[in-house]
Every structure is written in structure tokens, then in C-alpha cells.
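In: A predicted structure for the sequence below; I have some questions about it.
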Amino acid sequence: MRILLIGAGGVGTAVAGLLARRDFFDRVVVADHDPARAQLAVLRARDGRFVTDHLDASQAEAVTRLCREHRITHVLNAVDPRYVMPVFHGALDAGADYLDLAMSLSRPHPERPFELTGVKLGDEQFALAQRWEEAGRLALVGIGVEPGLSDVFARYAVDHLFSEIDELGVRDGADLTVDGYSFAPSFSIWTTIEECLNPPVVWEEGRGWFTTAPFSEPEVFAFPGGIGDLECVNVEHEEVLLMPRWVTARRVTFKYGLGTEFIEVLRTLNRLGLDATTPVEVRSADGRPAVVSPRDVVAACLPDPATLGDRMRGSTCAGLWVTGTGRDGRPREVYLHHVVDNAWSMREYGSQCVVWQTAVNPAIALELLAEGIWKGSGVLGPESFDALPFLDRLAGYGIPWGMEERSPAG
């Protein structure tokens, strides 16, 4: 296996650190638009199998060329979702398999954005599924933590815990704080804005996919690991678009424990137009005109999440809340979860907990693909594969998953 790891930000660097401890591959090429960043990721890996290269991920031809130069078998896309489609096309044209952590971007319905879906997350990728199948190549989409591990949990619940499922509800929460900052997202603010301000998608049996207003249907959810009760709200996320394609449930949702302050910051950015991606003209420091995206300016003004690890305190929890009928015919409710403490991830890997928790899942997937335990062709989500080998490997990477039995409602 020869891997092209595109993106040497927080997640890409964490992936490199994880892979350096495994022996299932021959080469990892870490490619980034910033050569210094790629070099730093390789230096941290301390492994002769890692090399660097320069790449503009917005150019599919450049991705294809790099794949051919390095004889790449698998492309892992760890850049933000703006670049999903050029990397996706570039890998296919090069005859390489492909993995990503987030899917192609959505576009709201032009007239009824809070009722009907427009272009959904992943639609552009699924439109090319036949080409991937005909080529005999695999595009494993959404294999981070959410989407990713949450989708593996869905497959496990269907195959091993329930005879019928009422709801698959992804619930994400954390009690993280960052010393010295009143507002410092632990993940890409560009992606966070995209997820949180787009109309959330819900799936229901008999109705299919539909949308609501941002931050809708608030509920208080109890998170394990000492995190406790958090108010969670609907957020647009890939799981709702992936799970109904491969597993059977009456309802699929994604809710994020953002907190009131975080939501108010996002709403303010939206009111001021600072969430926009369309470039505007401003004056640079030397008085000359410059064209920049307001969202890129916001991202530039905030600290890089990858650099916050030594200032972060607390834990993050990703998980799937499942309700329905157990295999014994009785009502059942469980929360499948993965909790990572920041102090642990910094001590063991030098990565803050949110990026480490994201990075561990594609590392496991690559290992399962290398060993032929997971295999397939076309555009497939994590729900397409046997969950047990994945969950068994998770503990071997440092933090096992857990399951809480909860009292079914009523």
C-alpha cells in the first residue's frame, strides 16, 4: 500500500503520527500547499517511509499527476470539504482508491431551504458511483469520526444489538476549554460554519430527507466521560445522508452539543455576512485592493486548532444514540460512544483530542483495506462494511469504544 495523504493540518499530521506506528504500508507521501507544513508532519512521524511533496488540492490534474509519480494506491483526503471533488476526480483518474473525512458540499434549496433539500452532502460523489464501480476502485467516503466511527456504530447496532431501530441519533459533545481564549474552536472554523449554518437534514421513513432551520429541535443529552448534560441541536452532517442508504431505521438525526455562546457567535457571523465564501474586495496593509473570502478572514483571525493542544482541558465524545427493539423483542436504548481525554492524546501522540479522534478512524480503515478485511468498489460509506474488525482495532490504537444501556422512553 502506497498512500497519498493530502493535507498536513491538524488531522493530517495526527494521521501521519498514527500510521508511523503501524507496518501495513510501504510509503506515505504527505502533500500540502505549504511545503513547510508537510515537512513538519513528516519530521514528527520520524519514519523513513514518509516523504513530502507539494500539491494544490484544488487541481484534479495535479492530484492525478502526483499519484502517478509516486505509484499511489490509496488517497486519503484530509483537507477541508471545498477540495473534495478535485481530489475525488484526481484519485479516480489515477486509478487509486480514495478515502475522505467529509463529503462534497451541499447547496440549500433555492426557495424552501428549511423544508426541502437542495444539493445534499455527497450528492456529487454518489453521482459518480458507477464510474468507480466500472473502474473496480473504491471510494470510502466519510471515514473520520463523525462521519465515520458513528456510521460504524450504526452497522454494529443493526447487526448485533437490534431487531428493529426507531432512531439512529448521532450525538456529539465535549467539555473542552482553551486557556487564554474566550472563543477558540477545536476544529476547522471553516467546516464548523459550513455544518452549523446550513439547513440541517433529517431522514424519516416514508418521508425521506428534509431540512429544518439551523439549531432546531434542542434537547438535553447526557454524555459519558464526566462531560455531563449538554443542550444539543440539529446540525447538517453526513451521517444523515449515509446511514439510510445502507441500514434500516425509522429516523436518522445528527445533533451537536454546541452551547449557547458558540451558537450566538455563529449567528453573529451569519448576521454580519462573515460566514460567506464569496470573495469581497478589501484594502490590504499596503493600501492595494485584495480579494478575500469573509470566512477565510474569520479563519485567519482565529488560532489554528492543531496548535491548541497544550492549552486545552477536558474531553470530547462522539457517539450514536440508538432506540428500538432489541433482539429479545423488548424495547432497548443504547449510546455507543468514544471518549478521548485531551491530556491523554497530547501525552501519547502530541495531538489534541478532537483531531486525534478524527484521525484514528481513517488509519484503521486503511489497515483493514491493506489486509483485505474490508474491500469493495464504488462509492461506499462505512456502514457498508463489517463493524467488528474496526471496533476491535480501535482499542489497539489506544482508546476503546464503549456502550451505555439506557432506560427506553416510556
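Out: Thanks, I have it. These numbers were taken from a predicted model, which means no experiment stands behind them. Numbers count the residues shown, from 1 in each chain.

In: the helices in the stretch 101-250 of the chain, which residues?
Out: For the stretch 101-250 of the chain, helices defined by DSSP state H, counting those that start in this stretch occupy the ranges 123-126, 129-135, 149-156, 189-197, 239-246.

In: Mind checking these for the one nearest to Y335?
Out: Closest approach to Y335 among these (Cβ to Cβ): helix 149-156, 9.5 Å. (Each C-beta comes from the backbone N, C-alpha and C, glycine too.)

In: which residues sit against the closest one?
Out: Residues outside helix 149-156 that contact it (Cβ atoms under 8 Å, 6 or more residues apart in numbering) are 142, 168, 170, 239, 242-243, 246-247, 249, 318-320, 322, 336, 338, 361, 381-388, 390-391, 394, 401.

In: Show me which of those residues are buried.
Out: Buried by 16 or more other Cβ atoms under 10 Å: 142, 168, 170, 239, 242-243, 246-247, 249, 318-320, 322, 336, 338, 361, 381-385, 387, 390-391, 394, 401, out of those.

In: Restricted to strands, list these.
Out: Applying DSSP state E to these, the entries found in strands are L168, V170, A318, G319, L320, V322, L336, H338.

In: Dig out what the fifth one forms beta bridges with.
Out: Right, L320. Beta-bridge partners recorded for L320 (DSSP bridges): V170, L336.

In: got the contact list for it?
Out: S150, F153, A154, A157, L168, G169, V170, R171, Y335, L336, H337.

In: And the third one, how close does it get to A370?
Out: Looking back up the chat, that one is A154. 24 Å (Cβ to Cβ, to the nearest Å).

In: higher neighbour count, the two?
Out: When A154 and A370 are compared for neighbours, A154 comes out ahead with 29 against 18, by other Cβ atoms under 10 Å.

In: Now do that one, the pLDDT please.
Out: Per-residue confidence at A154 stands at 98 (pLDDT).

In: Same question for V119.
Out: V119 is given a pLDDT of 97.

In: OK, contacts around it?
Out: L105, S106, R107.

In: V360 reaches L18, doesn't it?
Out: Yes: contact criterion Cβ atoms under 8 Å: V360 and L18 qualify, at 6.0 Å.

In: Surely F262 is in a strand?
Out: No: assessed with DSSP: H, G, I helix; E, B strand; the rest coil, F262 is helix; it does not lie in a strand.

In: Look up how far S186 lies from it.
Out: 11 Å.

In: Repeat that for P331.
Out: Taking Cβ to Cβ, one finds P331 at 36 Å from S186.

In: between F262 and S186, who's got more neighbours?
Out: The residue with more neighbours, out of F262 and S186, is S186; 22 against 15, by other Cβ under 10 Å.

In: I figured the more buried one was touching S351, is that so?
Out: No: using Cβ under 8 Å, S186 is not in contact with S351; the gap is 11.5 Å.

In: Contacts only, for R27.
Out: R2, I3, R49, F50, V51, H70.

In: Pull the contacting residues for the last one.
Out: Just to be clear, that refers to H70. H70 neighbours (Cβ under 8 Å, 6+ apart): R2, L4, R27, V29, V51, D53.
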